[in-house]
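from the sequence below, what's the structure:
(chains A and B)
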Number of protein chains: 2
Amino acid sequence: MAKRPTIDLNTLRHSASHILALAVKRLFPRTILGIGPATEDGFYYDFDSELNFTAEDLVTIESEMKKIIGENLPFERHVISKEEAVTLFSTEPYKLELIEQYTSEGNDLSYYNLGSEWFDLCAGPHVKCSGVVKAVKLLNLAGAYWKGDSNNKALQRVYGTAFPTQKDLSAYLVMREDALKRDHQKLGRKMGLFLTAPPVGQGLIILTPKGTKIVQILRRWVEDTEEKWGYLQTLTPFLSKSDLYKISGHWDHYKESMFILQGFEGDMALRPMTCPFQYMIYLNESHSYKELPLRYAETSTLFRNEASGEMHGLTRLRQFTLADAHIICRSDQVEDEFEKVLKLILYIMDTLGIKDFWYRFSKWDPANKSGKYIDNPEAWNATEASLKRILDKLQLRYVEAENEAAFYGPKLDIQMRNVWGKEDTYFTIQIDFAAAERFGMTYIDEKGEKVRPFVIHRSSIGCYERTLAYLIEMYAGKFPLWLSPEQVRILPIADRHNEFCNQVKDQMINAGIRVTVDDHAETLNKKIRQAQLDYVNYILVVGDKEMEAQAVNVRTRDNQVHGIQPVKDFIGKIVQQVNKKNLTV
Amino acid sequence: MAKRPTIDLNTLRHSASHILALAVKRLFPRTILGIGPATEDGFYYDFDSELNFTAEDLVTIESEMKKIIGENLPFERHVISKEEAVTLFSTEPYKLELIEQYTSEGNDLSYYNLGSEWFDLCAGPHVKCSGVVKAVKLLNLAGAYWKGDSNNKALQRVYGTAFPTQKDLSAYLVMREDALKRDHQKLGRKMGLFLTAPPVGQGLIILTPKGTKIVQILRRWVEDTEEKWGYLQTLTPFLSKSDLYKISGHWDHYKESMFILQGFEGDMALRPMTCPFQYMIYLNESHSYKELPLRYAETSTLFRNEASGEMHGLTRLRQFTLADAHIICRSDQVEDEFEKVLKLILYIMDTLGIKDFWYRFSKWDPANKSGKYIDNPEAWNATEASLKRILDKLQLRYVEAENEAAFYGPKLDIQMRNVWGKEDTYFTIQIDFAAAERFGMTYIDEKGEKVRPFVIHRSSIGCYERTLAYLIEMYAGKFPLWLSPEQVRILPIADRHNEFCNQVKDQMINAGIRVTVDDHAETLNKKIRQAQLDYVNYILVVGDKEMEAQAVNVRTRDNQVHGIQPVKDFIGKIVQQVNKKNLTV
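The predicted structure is shown next:
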């Protein structure tokens, strides 16, 4: 059987964006063009038009695109001089700006025609003819500033996707429909878990009472778990004089990503990491080898000056809170401590029900002599061998990445995919040979001599915001009982049942259950439906029969009816489910 | 009986500082003088000397002061011109600097002689003769930069105090000795609860694992208590674009006290308060009158750019964490909500064992038409009458302060004294008529019309750092069991008891008790003594007899011996004591 030639998806989608632009030009000739690249899962084109495109327009444009595909017009590349380009694109001001930019950067100019009626400034490559783009779909409209700068004009961005076959497109659209339902950006806001506010700014998340409750539960559980695993919690300041960052090296190497407070005590800055603050605690006393390992943990708020375009939902923020820790230990303890860190992560992931994660083992490159790595081959070799031994022993799923280590030691990234299939590093574990030297940390060994300890930087659950995003998407908003902001809703059938319902509510609150009573003047069916839409785990209906029997009629958000249960039994049952962190209710 | 003439303590102590300066000049003639003012509880004088004064020197200097007092030298004031002053103080460079400063500020110059051998640049006033200073005591030595500026030379500051009678001095010294033992600055650091670090900077507290544990206990308790009292916890960002502060008015009226991030999204700033962030949550949805009151609480980290000289221990910080809340309610709910706030505070104070606090009721002044107060006499009168009614009804101890209200409404300050007798406002409750208007907050009333709600700003426990300071001083470090970072220490008599001790420890940890085992190779008596010095509530000794009986031998940090108790009984007892928040153990 002949092998089907593989088509590069990026090229295909870039060509689809040209087809989109031609369709728009045919239908709305006065439209001025921005740019139209391929994206991770499709393409877009930015348009400057007096018209505000509507959803109906997208249908019309998509039909025109299919027509162009049917015409099987050829793509052809033409290299041109700046003068030719300026003449050819004289009616396209954004293209003229790009011509100026590209030539000032010393790049050659080219355009691609699509058939004989239209051409676009473009470096390519493209498919041969429009007919190669077998399956295309326009997806949505958004606003976008020219060059992503809010000082520039707002353009209309049309998003679409394209595939080499209709079958691939259909599969993608099914996935997309599911992803749209789960996307934490949409679902989290719809559920009222968080919001952003323009006067506060981008990348600064406001957690509502519901969102805060989930984070509070996670935080207390992680802190208590870490305490049981031998960690000591600390609370250290969120800002510091530049002196501290000069010692840590962040002032020289990371300043661009930091929020600087100019002119305060020289300069101060919001912290992008916790480590040097916890080192101050270590340095406040002398330490014997017997005291190590010292495991300092902190629910630590950090700040990074992300660029406007880089921020996203709960996953890329300017302020976030990390379950951070630094283990200060002897070299003979590194392997053991690393194994314990991994086991703690496995326990956390397992309890949250997260199964689809893997590790990326980032190693140094002994051949790299550029100064990218601290020069201590012995430490590198020993540590990397230790890590590999543990990863294999625990039978963890990992990929190796050569020449990707930190300056100061190898690291292990915890990788997951969001609901759109995008892989991201959720958090990392890093071995650090350099920190002790930099900060002058020592311990006294058996012989009474001062020795430099190792440091392990690690998280156990990552950033609370990012983990919340993952959980929203994984559970499609239907949080397991122990994490649910509203675990139970009680629905009185008539007003005469209100008092009893409130008594039941009070009993439940005393048992630590998060419960409300819905006594709105609505039909019972509507109230049940609403509770299900709000993803409340248990919905309790109370009428005369239940009241008489000191009972409740139990059903779930998935409309499973469990029937009448005595109040006491029901409370006992769900308290146990919460304590066990049962994931199936 | 003739009334004893009252002597102004400030004047007396200022004169004592001159007596100190003369004594130093007699003993160390080459000393150059800084300044010597009275302070809240004594006086000091700053000296520039090649010698480093020692504690022994202080004894000698104090003797010389007593001699000068015995000589009963007169103080006499002389007004002089700048030229005369410059000539008289030609050998005192700091005085020359002051002469320049005072005259450039347009002030007259004067000096005071003390007898005939010495005089000092001084505005006075002073007592008539040195003999009036009946009782004087030098207390300690410290370094101090000239004019408090670390760019200037470091001088030697000698602190002392003076009283009109020996009896007053003795009483003060007794109080001082007790205060020194309790002062949270000393005791808190000695107990290893917190530290500061020069590279991080002043006013930025690092809580150690022990200090963090106490704050964690308080925080969880306050959050849970507030939840039971109908509050909803939120988590909002610690920084914002200036836009938000422009709406709130902080940008115009409070900018000097804020940490500004210049050039980030225009300008951003760290938040000095929580209110507008929580208002964003309120504004995110429309609200019916039925939903109110909405009580948004937050364990809220705040930042204020305090000047170098104003920072102090845990009580005046650049970063602190407040148990903050904003109650958004209808006007007919203000009285009820205010009463609930006061009852919550009473509950919190009572549970902490804090008895010595009172209220300052800060009211507007109807005669003040300067624009200091929002112009709504009806709201002022109604609200102040409500507050007074509740204060009287609850029989609270309060003082009234006319013309001390906030711009936007009356407030109630919670006042306490630290171990030095210094009164301070620990936190406040404020009624706010203006916030809703400023932020455009409304609710829909019974008639379907949009109405502005009232806002109550309040705390329940104040700042965690400041409350921790108060608790350290009040309990002199001996925290009640439920707050203690180390509740139990187990002391094995010999190595053969270690295993059993560790088993007991594990049982206790499972019961939520904070416990350690001290298996150091030390004598039992030394280990008991150490545990008492560390203020551990219960000290358990374990030998053969105890091990055989599955028991522990219980004593307290106050060396009360409770004798042998079965492990199970002891655990049950102290878990109950913790749950009841018993203050006597």
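
for chain B, what's the nearest residue on the stretch 301-450 of chain A?
Closest to chain B within the stretch 301-450 of chain A is A:Gln319: 5.2 Å, counting by C-beta to the nearest C-beta. From N, CA and C alone the C-beta is placed, and that goes for glycine too.

strands along the stretch 351-500 of chain A, start to end?
Ranges of strands within the stretch 351-500 of chain A are A:357-362, A:398-401, A:411-417, A:423-432, A:443-444, A:450-451, A:454-463, A:488-492, based on DSSP state E, counting those that start in this stretch.

can I get these in TSV with mean neighbour count, mean pLDDT and distance to chain B?
Shown next, in TSV, are the strands of the stretch 351-500 of chain A (neighbours: other C-beta atoms under 10 Å in any protein chain shown; pLDDT from 0 to 100; distance: least, C-beta to the nearest C-beta, whole Å):
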stretch	mean neighbour count	mean pLDDT	distance to chain B
strand A:357-362	18	95	25
strand A:398-401	14	93	33
strand A:411-417	20	94	23
strand A:423-432	19	93	19
strand A:443-444	18	98	15
strand A:450-451	14	96	20
strand A:454-463	24	96	13
strand A:488-492	25	98	16
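
reformat these as CSV; add distance to B:Phe259.
As requested, the strands of the stretch 351-500 of chain A are arranged in CSV below (distance: least, C-beta to C-beta, whole Å):
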stretch, distance to B:Phe259
strand A:357-362, 36
strand A:398-401, 39
strand A:411-417, 33
strand A:423-432, 28
strand A:443-444, 36
strand A:450-451, 38
strand A:454-463, 23
strand A:488-492, 43
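
hmm, back to that, residues contacting the residue of the stretch 301-450 of chain A closest to chain B?
A:203-205, A:301-303, B:237-239 (C-beta atoms under 8 Å, 6 or more residues apart in numbering or on different chains).

tell me how far the residue nearest in space to the middle of chain A lies from A:Cys463.
Of all residues in chain A, the one closest to the mean position by C-alpha atoms, centre = their mean is A:Thr315, 3.2 Å from it. Separation of A:Thr315 from A:Cys463 (C-beta to C-beta, to the nearest Å) stands at 8 Å.

could you do A:Gly572 as well?
36 Å.

how about the residue of the stretch 401-550 of chain A found nearest chain B, phi and psi?
Proximity of the stretch 401-550 of chain A to chain B (C-beta to the nearest C-beta) peaks at A:Ile509, 7.4 Å away. Main-chain dihedrals, A:Ile509, degrees, to the nearest 10: phi -60, psi -40.

contacting residues around it?
Per C-beta under 8 Å, 6+ apart, neighbours of A:Ile509: A:515, B:228.

what about A:Ala55, neighbour count?
Using other C-beta atoms under 10 Å in any protein chain shown, A:Ala55 has 9 other residues around it.

quick one: contacts for the nearest residue to it once chain neighbours are set aside?
Of all residues not flanking A:Ala55 in the chain, A:Leu141 sits nearest, at 7.4 Å (C-beta to C-beta, 6 or more residues apart in numbering or on different chains). Each residue near A:Leu141 by C-beta under 8 Å, 6+ apart is listed here: A:53, A:55, A:58, A:156-159.

tell me the buried residues within the residues you listed.
Taking 16 or more other C-beta atoms under 10 Å in any protein chain shown as the criterion, what is buried in the contacts of A:Leu141 is A:53, A:58, A:156-159.

keep only those of those residues that are in strands.
In strands, defined here by DSSP state E, the members of the buried ones among the contacts of A:Leu141 are A:156-159.

picking up where we left off before, need the contacts of A:Gln319 in JSON lines with secondary structure and pLDDT, can you?
Converted to JSON lines, the contacts of A:Gln319 look like this (DSSP: H, G, I helix; E, B strand; the rest coil; pLDDT from 0 to 100):
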{"residue": "A:Gly203", "secondary structure": "coil", "pLDDT": "95"}
{"residue": "A:Leu204", "secondary structure": "coil", "pLDDT": "97"}
{"residue": "A:Ile205", "secondary structure": "coil", "pLDDT": "98"}
{"residue": "A:Thr301", "secondary structure": "strand", "pLDDT": "98"}
{"residue": "A:Leu302", "secondary structure": "strand", "pLDDT": "98"}
{"residue": "A:Phe303", "secondary structure": "strand", "pLDDT": "98"}
{"residue": "B:Pro237", "secondary structure": "coil", "pLDDT": "98"}
{"residue": "B:Phe238", "secondary structure": "coil", "pLDDT": "98"}
{"residue": "B:Leu239", "secondary structure": "strand", "pLDDT": "97"}
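
nearest to A:His14, of those residues?
When the contacts of A:Gln319 are ranked by distance to A:His14 (C-beta to C-beta), A:Gly203 comes first, at 29.8 Å.

measure how buried the closest one is and give me the count.
That count, for A:Gly203 with other C-beta under 10 Å as the rule, works out to 23.
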